[in-house]
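J.: with the input below, show me the fold.
(one chain, ligands or ions: 2)
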Amino acid sequence: MTVPPLPRTLILDYYDSYTNNLLTLFTQLYSDAEVLDKVVVVKADKYTWTDFKKLVLPHIDCVILSPGPGRPDNPTDIGFALDLLRLHALPILGVCLGHQAIGVAFGGKIINTPQITHGHVVPIAPVRPTKKLFSSSAWLDSPAGKEEQFDVVVYNSLTVDPKSLPDDLEVTAWSVAATDRPSTIQGLRHRSHPIWGVQYHPESISSTRGPALLQAFLNEVHLYHKRPTTFSSLKPEIISSCAYRVASRAAKLPRSRRVSLSGLPTPPITPSGSRAATPSGTRAVSAKPSHMAEKKYGVVGKGLRTQDVFERLVLSPTRKGKEKAIGEVWLDGQTPTRPTTTSLASPSFLVTYSLATRTVTLHRPSNEPITLPLSDKTTFWDWFSAGNQILTARLGTRSSRTNGWRGGWVGWFGYEMKEESLQGYTRRNKNGTQADEVDAAWAWSDKLLERTSDGEWIARGVLRHEAGGGEETASEGESEMLNWLRKQGIEFGLEPADWQEYLDEIQPILMGSADRATTQPASSFPTFRPSATGEDYRTRIDACREAIRQGESYELTLTTRFDASAPNLDPYSLYLRLRSFNPAYYSTYINFPCLSTPRGQGMSVLSSSPERFLRIDGDRRVEMMPIKGTRARVKPGQSKEEDARRGEELRNDHKERAENLMIVDLIRSDLLSCCIPSTVTVPKLIALESYGVHNLVTTVQGTLAENVGSVEAVRRCFPPGSMTGAPKLRSVQLLDDFEKQQRRGIYSGALGYFSVDGVTDLSVVIRTITVEGDNLSIGAGGAITWLSDRDGEWDEVLTKVKSVVGVLEGVE
Ligand SMILES: C=C(O[C@@H]1C=C(C(=O)O)C=C[C@H]1O)C(=O)O
Ligand SMILES: NC(=O)CC[C@H](N)C(=O)O
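T.: Ligands and ions are numbered 1, 2, ... in the order given. Modelled structure (predicted):
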């Protein structure tokens, strides 16, 4: 069976979090280059109906109406789709909401589906004989066409009422009835116009026969247009109306790596013009004059505890006020099964961002903070992304490293940064955010001490020197960020003398005695109390389920906050307790004493997050690992068999698997907004990982397109889907209301680093204590679906908080 030529296809996106996954069906039939040339995803409200008819319709060959939140009989949810369907000027395929729109456009009624189901696999049976799509030759010749039934994933609360089906429409498929699940309409076609719909999601990772369905549709499109040998490309104006464009290629990597014979980098030019001495033992690995230096210590210091080295190198100099540092950073990271590096750093300056005032603030040791209002057209993401791209090109040398921070930015984007990342988002309550909130904080460090997973130490430095031959140079003129920072006297990269001084500082520490450091872990956690009662939370669960019943969302990650007050607390000693109580892959301690928020002076993040948000390695491979599905582990000393049983029970739980699948499909769609479509894959679907709690974890990967930088990639996937639910935009708007506009802050955001070599690694901020002055908070929540049980969900929240701080007070 041959694949027809690819027609110009416009996918109208009703702000769903699965729409981009349709691209994956295309790339199973056509090349990336062809798909990106002929298929475009456009937000459904991008054009008015009048403009669409004039500017778009004459220049495309077919339309796909995407899934989406809401109802097809609500004009704010469905825009001009009903007019488009009634005009039937070209072939149209509707998926889920788009399919329901077909029902409504020709006179059918929308009702609640008898069994509301999201993220479950159900069998469906095509009706035969029937004309078109499910009986087109492409379909009948395909393996799917020969089967009586096949499995698909459904995400719907609503359905076309079979009793209301107008004569113009014919059912092409039904779900197979089961005792708890009556049969519902799964496919429709118009009897005389080229219009088809499917209620299920052919693009879901767990649906079968998706490409065969698409091919059957494209065959119909081919037939409709009288079988041309080829279709032309989309007009550039239409392509550029797409929300996110990705290039069909990955950036080329400089593969050759040259290490100078002496193992030393070209000596940098000092400001006076003379060649500086290169610190001994330093080695650079690069095809271009490298700015990245490293010194490996081998067995030296291997017997030391990381805590002791952190205290001597990072903590005591800043505490004595001697160091030129703005704070303390320990990217700790621990798990027995997934080895990771540890990095210790004393950043030299920090930029923060406030959404309320749209200002950036520069913080330096012993200087007054300086602020910069961003222009109306610029978001913090744009500002930071453009600057970071140039810094990476100028200072970093890409390598195939998969792990570790080599210097550059470390910090976080708080959850509220969604306001500038999520297309279509509007903050309803403008008073909710105070001016002196810290919505994003990124500190720069051009030196750090790394501990490899083998326990060896490596000092890493980003050196400053003039552009040398063959170096990619990017103009600073392009970056508002770099120009402004330069004006404030900020330089990126160390002078060779500074690097030498750093090595001189490290040497005696690593050669020193293994005496234990003086700081003791806090003897207990402060007492955390819920900010909302269990009853409040249960009521909010009901509100979530009602929104799901109405088709507004498929899953909502509802959260709440637990607060504690602890005057004179040493956040570091509390972190020491946390890291032994709940060691996690993304365990992190960050302390910025200079920051102040409405809750106090000084801000620290004490994280024990197990969840990867997004990592980009040296080959521009992106990996996201959403967690969904949680069970408590047994208490220490209790039976291992019982612990394993709970893990297995979680792995086989239909509700939890569905929660996970919904986020996996969302994450795939997020990655498709920045990766080459055919590269987005799911190598590991719903695996059990057991650390502080049992969790179900999925791995989604892709290769970043050449036109997308690391910060931009993060922005397109922000906020993390596991903290929002699906579809993302509608769900976060609903959650803002259900959570009473309460700020989530760092919790639910992303924390980690953008390394100068382009390697990026960020966690989802969960299981994390935020300290602001004397006030501490922990956010916690869970995914609410139609199948959620009020008590079970509240217990899950308590389980999560207890995995961080052991005991809780004031909970029913
Ligand atoms: C919301 C939290 O966790 C999120 C929700 C999970 C779930 O519903 O199972 C699991 C991990 C996180 O993505 C939290 O820990 O506070
Ligand atoms: N996935 C979808 O498109 C869902 C459509 C509609 N909102 C429903 O719940 O039925």
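J.: remind me which residues of the stretch 701-812 of the chain are low pLDDT?
T.: Filtered on pLDDT under 70, the stretch 701-812 of the chain yields the residue ranges 812.
J.: one more: the chain?
T.: 1, 128-147, 251-289, 318-323, 400-402, 429-434, 465-477, 517, 812.
J.: mind listing what the longest strand that the chain contains pairs with, with the direction of each?
T.: In the chain, assigned by DSSP state E, the strand with the most residues is strand 110-126. Partner strands for strand 110-126, per DSSP bridges, with pairing direction: strand 150-160 (antiparallel), strand 169-175 (antiparallel).
J.: is ligand 1 within reach of that strand?
T.: No. Applying CB under 6 Å from any ligand atom, one finds strand 110-126 separated from ligand 1 by no less than 12.7 Å. For glycine as for every other residue, the C-beta is placed from the backbone atoms N, C-alpha and C.
J.: pull out the buried positions in that strand.
T.: Within strand 110-126, the residues scored as buried using 16 or more other CB atoms under 10 Å are 110, 113, 115-126.
J.: could you dump that strand to CSV, C-alpha only?
T.: What follows is strand 110-126, C-alpha atoms only, in CSV (Å, rounded to 0.1, in the frame of the first residue of the first chain):
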residue,chain,number,x,y,z
ILE,A,110,-23.3,16.5,23.3
ILE,A,111,-23.9,14.6,26.6
ASN,A,112,-21.7,13.2,29.3
THR,A,113,-20.2,9.9,28.3
PRO,A,114,-21.7,7.1,30.4
GLN,A,115,-18.2,6.1,31.7
ILE,A,116,-15.9,9.1,32.0
THR,A,117,-12.5,7.8,31.0
HIS,A,118,-9.1,9.5,30.6
GLY,A,119,-5.9,7.8,29.7
HIS,A,120,-7.2,4.3,29.6
VAL,A,121,-6.8,1.8,26.8
VAL,A,122,-10.2,0.5,25.4
PRO,A,123,-11.0,-1.8,22.5
ILE,A,124,-13.0,-0.3,19.6
ALA,A,125,-14.6,-2.0,16.7
PRO,A,126,-15.0,-0.4,13.3
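J.: which stretches of the stretch 551-700 of the chain form helices?
T.: 571-581, 640-651, 654-671 (DSSP state H, counting those that start in this stretch).
J.: and the last one with helix 640-651, angle?
T.: When you say that, I think you mean helix 654-671. Calculated by axes from the mean of the first three to the mean of the last three CA atoms, to 10 degrees, helix 654-671 forms an angle of 60 degrees with helix 640-651.
J.: next one: helix 654-671 to chain centre, how far?
T.: 13 Å (CA atoms, centre = their mean, to the nearest Å).
J.: close to ligand 2, is that helix?
T.: No. Applying CB under 6 Å from any ligand atom, one finds helix 654-671 separated from ligand 2 by no less than 10.1 Å.
J.: ok, whichever residue of the stretch 451-600 of the chain sits closest to ligand 2 - how many residues close by?
T.: In the stretch 451-600 of the chain, the residue that lies nearest ligand 2 is Gly551 (3.0 Å; CB to the nearest ligand atom). The tally of other residues near Gly551 (other CB atoms under 10 Å) stands at 27.
J.: and for Glu505?
T.: 16.
J.: look up the closest residue to it, ignoring the ones flanking it.
T.: Leu313 (6.8 Å; CB to CB, 6 or more residues apart in numbering).
J.: quick one, what contacts that neighbour?
T.: The contact partners of Leu313, taken as CB atoms under 8 Å, 6 or more residues apart in numbering, are Leu344, Ser346, Leu449, Glu505, Ile506, Ile509.
J.: go through the helix or strand hosting Glu505 and flag the buried ones.
T.: Under the criterion of DSSP states H and E, Glu505 resides in helix 496-511. If you call a residue buried by 16+ other CB under 10 Å, then helix 496-511 has these buried ones: Pro496, Asp498, Trp499, Gln500, Tyr502, Leu503, Glu505, Ile506, Gln507, Ile509, Leu510.
J.: what's the first helix or strand after that helix?
T.: Moving toward the C-terminus from helix 496-511, the next helix or strand (DSSP H and E) is strand 529-530.
J.: show me what that next one is packed against.
T.: strand 555-565 (3 or more CB pairs under 8 Å, 6 or more residues apart in numbering; DSSP states H and E).
J.: how about the strand it packs on against ligand 1, any contact?
T.: Yes. Strand 555-565 lies within reach of ligand 1 by CB under 6 Å from any ligand atom, at Thr557, Thr559.
J.: what helices or strands is that strand leaning on?
T.: For strand 555-565, the packing partners by 3+ CB pairs under 8 Å, 6+ apart are strand 529-530, helix 534-549, helix 654-671, strand 725-726, helix 728-738, strand 775-784, helix 790-805.
J.: residues making contact with the last one?
T.: Helix 790-805 is touched from outside by 525, 528, 534, 537-538, 541-542, 558, 560, 562, 578, 581-582, 608, 630-632, 692-693, 766-769, 778, 780-782, 784, 808, 811, with contacts defined as CB under 8 Å, 6+ apart.
J.: tell me the angle it makes with helix 534-549.
T.: 120 degrees.
J.: what comes up buried for helix 790-805?
T.: 790, 793-794, 796-805.
J.: the residues you listed into CSV, with extra columns for distance to Ala644?
T.: What follows is these, written out as CSV (distance: CB to CB, whole Å):
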residue, distance to Ala644
Arg790, 28
Glu793, 24
Trp794, 26
Glu796, 20
Val797, 24
Leu798, 23
Thr799, 18
Lys800, 21
Val801, 24
Lys802, 21
Ser803, 18
Val804, 23
Val805, 26
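J.: which of the residues you listed lies closest to Ala566?
T.: Nearest to Ala566 among the buried residues of helix 790-805: Val805, at 11.7 Å, using CB to CB.
J.: surely Glu437 meets Thr597?
T.: Yes. Counting by CB atoms under 8 Å, Thr597 is a contact partner of Glu437 at 6.0 Å.
J.: isn't Ile766 right up against Gly779?
T.: Yes. Ile766 sits in contact with Gly779 when judged by CB under 8 Å, with a separation of 7.4 Å.
J.: more neighbours, those two?
T.: Gly779 (29 against 26).
J.: spell out which residues make up each domain of the protein.
T.: 9-239, 292-511 (automatic domain parsing).
J.: nearest to Arg743, of the ones you listed?
T.: domain 292-511 (6.5 Å).
J.: that closest one and ligand 1 in contact?
T.: No. Judged by CB under 6 Å from any ligand atom, domain 292-511 stays clear of ligand 1, getting no closer than 11.0 Å.
J.: point me to the residue of the stretch 51-200 of the chain nearest ligand 1.
T.: When scored by CB to the nearest ligand atom, the stretch 51-200 of the chain has Gly119 as its residue closest to ligand 1, at 12.7 Å.
J.: how much space separates the closest residue to that residue other than its chain neighbours from Ser710?
T.: Sequence neighbours aside, Ala658 is the residue nearest to Gly119 in space, at 3.4 Å (criterion: CB to CB, 6+ apart). Separation of Ala658 from Ser710 (CB to CB, to the nearest Å): 32 Å.
J.: and if you look at Ala81?
T.: Counting by CB to CB, the gap between Ala81 and Ser710 amounts to 36 Å.
J.: same check on Asn775?
T.: 33 Å.
J.: more neighbours: which of the two?
T.: Just comparing Asn775 and Ser710: by other CB under 10 Å the higher neighbour count belongs to Ser710, 24 against 18.
J.: counting neighbours, what do you get for the closest residue to Phe592 other than its chain neighbours?
T.: Leaving aside its sequence neighbours, Phe592 sits nearest to Gly327 (CB to CB, 6+ apart; 4.1 Å). Look at Gly327: counted by other CB under 10 Å, it has 28 neighbours.
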